[in-house]
Every structure is written in C-alpha cells, then in structure tokens.
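Trainee: Show me how the following folds:
(one chain, ligands or ions: 2)
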Amino acid sequence: MTDRIPLLIDTDPGVDDALALLMAFNSRQHELLGLCITAGNVGLDYTTANALKLCEVAGVTVPVYPGCDRPLVFAAEDASYVHGRDGFGDIGYEPAQRRPESEHAALAILRESHAHAGQLLLVTLGPLTNLALAVRLDPTLPERIGRLLVMGGAVTGKGNTSIAAEFNIAFDPEAAAIVFGSFPRIEVVDWEAVLRHGFLHKRFEAWLAAEDPRAGFYDRISRKTRQWAEGKRGEYWHSADALAMMAALYPEHVIEKERHYLHVETAGSQSRGATVVDWLERSGQPAQAEIILTVNQARFEALIQEALGGHI
Ligand code: BDR
Ligand code: CA
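Mentor: Ligands and ions are numbered 1, 2, ... in the order given. Below you'll find the model as predicted:
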C-alpha cells in the first residue's frame, strides 16, 4: 500500500504536454498509474511515440495507452504548426524501445477508476475524446473520480485557436460538451490563465542548460516552438499543460479560483468550441467548473526547473 495520490494523465504530447509530464514524473506525492493518449496536437501514432520516448528519456516505465485517433464526430485541424509535424519539434529522435499497451485509453480510465475509486486524480492535457468515450461507456464514472482537472477553454472568450475557442476544446467540442455535462466538479485551467503565468524565455533557457538528459531533450524538442512563440508573444513563454499540471499536483499553490457553470458550444460559425461561463449565475445550472485564475508563480517556476533536473 502507498499513501501517494493515484494519478492518471490523458495527453496529446505535444511540447507543453512534455513539460507537464516531466513535472508529474518528478512528484513524490503522486503514484503515476499511466498515460492515456489521444490525437490532438498531432496524430495518435506520433502522440503515442512521443509519450513513450519521453518516458524513456526520463527513465520512467509507466504504461502508455493509445486511445482515440480522431474527434468523436467531426474531423479537426491539428496543431503541428506549433509543435512540429511529429509534435516534438521534428528533431528526428530514435524511437523508444518500449511498446504501448493494447488496452484502449478509455478502458484504462474506467479500470483505474474502479481500482482507485474516490481517490483517483485524473488530469487531461488534450482534447477530451477519450474521457467522453469512457463516460459514454460507463455513465457512473464521475462518481469514482476523486478530482478531475482539465486544461482547456477560454473562460472570457479570448481563444487561441479561433476568436473564442481554445485548442483542446475546439478540437473535439462534442467530447468536451459530454465531459462538462457529466462531471459535477471539474477544475479548469484555461488559456487565459496560461497567459497570466508566462515566464521569461531567458530564464527558461538557463533552466534548460541543466546537466540532465531531461533538460537536454526538452531543449531540443521545444526549440522550434519557443522560436515561434517568441516571434508571436514576445519575451514571455507560456506552457499551458505545465500550468495545469502544477494546479493538479499542488492545489495548495492555487491562489484564486471561482466556481461557475460552464457550457461548451458545439455550433456556430464563430462559437463552436467556445466555453461560455455563467459568471453572474444567471442560468440556474449547477456550477460544475472550478476555474483556476491564479497560482503561485514562483512555485510554478521552481517546479518546472526541478522537473528539468535543476536544483533550487
Ligand atoms: C493546449 O493546446 C495544445 O496545443 C497544448 O498542448 C495545450 O494542451 C493549449 O491550448
Ligand atoms: Ca496538450
């Protein structure tokens, strides 16, 4: 028996997913049960290969469960223009030796929810396709989840993939609507929170100089994305999934949050994938979204540095 918190991560690695996963690998308070993989930033074959490679680099042997290779209903554009064609900066790495599991990610979520009923911390860093499928297979799933934290949304409509929508929700709005319509409480780290928690490229480059294989690998896979981001957003870098992971693993470092009803739009030429928040409690709908507004920035940066093998 262990008193560590059982942790399951659903992810589409992805450059920022990788940083979040390194943070999770580094936690002594959590028992990482496995990585559930979805298509999103790039196709499923790549996101699965990337997860396995990152595990190898970090010396971690948790199971990797490939899941859905497309959104539930409509096809969607990936984010290879941000993360590279292969999702890891196209550095041409040698594939990992380990193979993925044969169990589907949605089934792994259900199985682990039974094995750790009431205790499981489930963190999603990608589109919600696997989780929505799991809920449809077994609608009692939400009763067995201890905490669910989702990286996704743009809670006042300042999107990153369209005017109003954030990538993870916009990639599969039907899945997001199922998840936000099924769970009574979902902690949300949205894109707008990410923009409030940037860190200086210069400082990050210093952390990447740590003499550790994780830092070296992350330096290589993130280089193109960092250059792209610097041209677009200036001297601060933003890592959406790392911020989500910090709030998931260390809720004591969340400073401000608000709980409201959140509705996912699935229609509209401008609104598909938007997350509409009932800030003024007009709907009478149950407030299922705990929206994380600010975290302790110094702790966030320290956790990233440690995840890359740096010593504080
Ligand atoms: C989210 O979209 C993806 O591109 C990132 O990996 C992150 O999960 C940010 O909107
Ligand atoms: Ca992601």
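
Trainee: The protein against ligand 2: which residues are in contact?
Mentor: Residues of the chain lying near ligand 2 by Cβ under 5 Å from the ion: 12, 14, 17, 125, 126, 241. Bear in mind the C-beta positions are built from the backbone N, C-alpha and C, glycine included.

Trainee: Need the worst-confidence member of the residues you listed.
Mentor: Lowest pLDDT of these: residue 14, 95.

Trainee: Report the contact partners of that one.
Mentor: 40, 41, 42, 47, 50, 79, 83, 87, 88, 125, 126, 241 (Cβ atoms under 8 Å, 6 or more residues apart in numbering).

Trainee: Nearest to residue 150 among these?
Mentor: Nearest to residue 150 out of the contacts of residue 14 is residue 125 (Cβ to Cβ; 8.7 Å).

Trainee: Show me the longest helix that occurs in this structure.
Mentor: Longest among the helix segments of the chain by residue count, using DSSP state H, is helix 213-233.

Trainee: What lies in contact with that one?
Mentor: 15, 18-19, 22, 54, 57-58, 81-84, 88-91, 93, 198, 201, 204, 207-209, 237-238, 307-310.

Trainee: Repeat the analysis, applying 6 Å as the threshold.
Mentor: 15, 22, 57-58, 82, 84, 88-89, 91, 201, 208, 237, 308-309 (Cβ atoms under 6 Å, 6 or more residues apart in numbering).

Trainee: Let me know whether residue 178 touches residue 132 as I believe.
Mentor: Yes - between residue 178 and residue 132 there is a contact under Cβ atoms under 6 Å: 4.0 Å.

Trainee: of those two, who's got more company?
Mentor: Per other Cβ atoms under 10 Å, whichever of residue 178 and residue 132 has more neighbours is residue 132, with 24 against 21.

Trainee: Report pLDDT for the more buried one.
Mentor: On pLDDT, residue 132 comes in at 99.

Trainee: try the one 4 residues further on
Mentor: pLDDT for residue 136: 98.

Trainee: I'd like to know how far it sits from residue 303.
Mentor: 34 Å (Cβ to Cβ, to the nearest Å).

Trainee: Could you do residue 201 as well?
Mentor: For residue 201, the distance to residue 303 - Cβ to Cβ - is 18 Å.

Trainee: Who has more neighbours out of these two?
Mentor: Neighbours were counted for residue 201 and for residue 303 using other Cβ under 10 Å; residue 303 has more, 23 against 17.

Trainee: Just the C-alpha atoms of the helix or strand harbouring that one, please, in PDB.
Mentor: Applying DSSP states H and E as the criterion places residue 303 in helix 297-307. Extracted as PDB, the C-alpha positions of helix 297-307 are listed here (Å, rounded to 0.1, in the frame of the first residue of the first chain):
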ATOM      1  CA  GLN A 297       4.200  32.000  -9.900                       C
ATOM      2  CA  ALA A 298       7.400  31.500  -8.000                       C
ATOM      3  CA  ARG A 299       6.400  27.900  -7.100                       C
ATOM      4  CA  PHE A 300       5.300  27.200 -10.600                       C
ATOM      5  CA  GLU A 301       8.700  28.300 -12.000                       C
ATOM      6  CA  ALA A 302      10.600  26.300  -9.300                       C
ATOM      7  CA  LEU A 303       8.600  23.100 -10.100                       C
ATOM      8  CA  ILE A 304       9.400  23.500 -13.800                       C
ATOM      9  CA  GLN A 305      13.100  24.000 -13.000                       C
ATOM     10  CA  GLU A 306      13.100  20.900 -10.800                       C
ATOM     11  CA  ALA A 307      11.300  18.800 -13.500                       C
END
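
Trainee: Lovely, talk soon.
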